[in-house]
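>>> kindly return the folded structure for what I paste below:
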Amino acid sequence: MSVRGMIIGAAFSIMAAVICTFAFGIVVSFSFLMAASSIMYIGVFLQVVLPFLVVLSIAGAQFKRIDQVREVTKWVISIIMAFVVVTYAGTIGSLTTHVIVWGDKMENLAVADIIAWGLIYGFLLLPLAAPIGRWLIFLLVDCCKYFEDSKERDD
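Numbers count the residues shown, from 1 in each chain. Predicted structure coming up:
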């Protein structure tokens, strides 16, 4: 396990969360022909930053092993990563963000419905999220290789 890879994965995950937040905001803005409010960007960022941080830090720490596995295994890792991120963002992330941003108590929310729909979203968005997850892992491995190669050149 590489500590440097974990740090690179953590930095990469924050950048990926910011990019995904703005991409989501642009899609929502154009879909509904309205400007997205800044509170929406904050909410989406808070929903995706923690699962990205966990998943991509682990992937960064294991980048040498990920680079050596077959393509099918990389797709399986991507599907699991995408499901975890989307499901977390749709359930726990959504509930936590609602409390942080708006300060409402949980008794005002339909928690069971949010959790049920978060799981449904996790499955429904797999065809979109899995290729994005595979692309993020590809970029992360390349980024880790770049910093690993630059360390060897410095020595």
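>>> look up how far residue 138 lies from the residue minimising distance to the centre of the chain.
Of all residues in the chain, the one closest to the mean position by CA atoms, centre = their mean is residue 52, 3.5 Å from it. Shown here: residue 52 relative to residue 138, a distance of 15 Å by CB to CB, to the nearest Å. No exception for glycine: its C-beta is placed from N, CA and C like everyone else's.
>>> ditto for residue 78
Using CB to CB, which is the criterion applied here, residue 78 is 9 Å from residue 138.
>>> more crowded one of these two?
Comparing residue 78 with residue 138 by neighbour count (other CB atoms under 10 Å), the higher total belongs to residue 78, at 22 against 14.
>>> from residue 16, how far off is that one?
Here residue 78 is placed at a distance of 13 Å from residue 16 (CB to CB).
>>> any low-confidence regions in the chain?
Counting by pLDDT under 70, the chain has low-confidence residues at 1, 28-38, 104-107, 150-155.
>>> so where do the helices sit in it?
With DSSP state H as the criterion, the chain has helices at 3-31, 38-61, 63-68, 71-90, 92-102, 111-124, 126-154.
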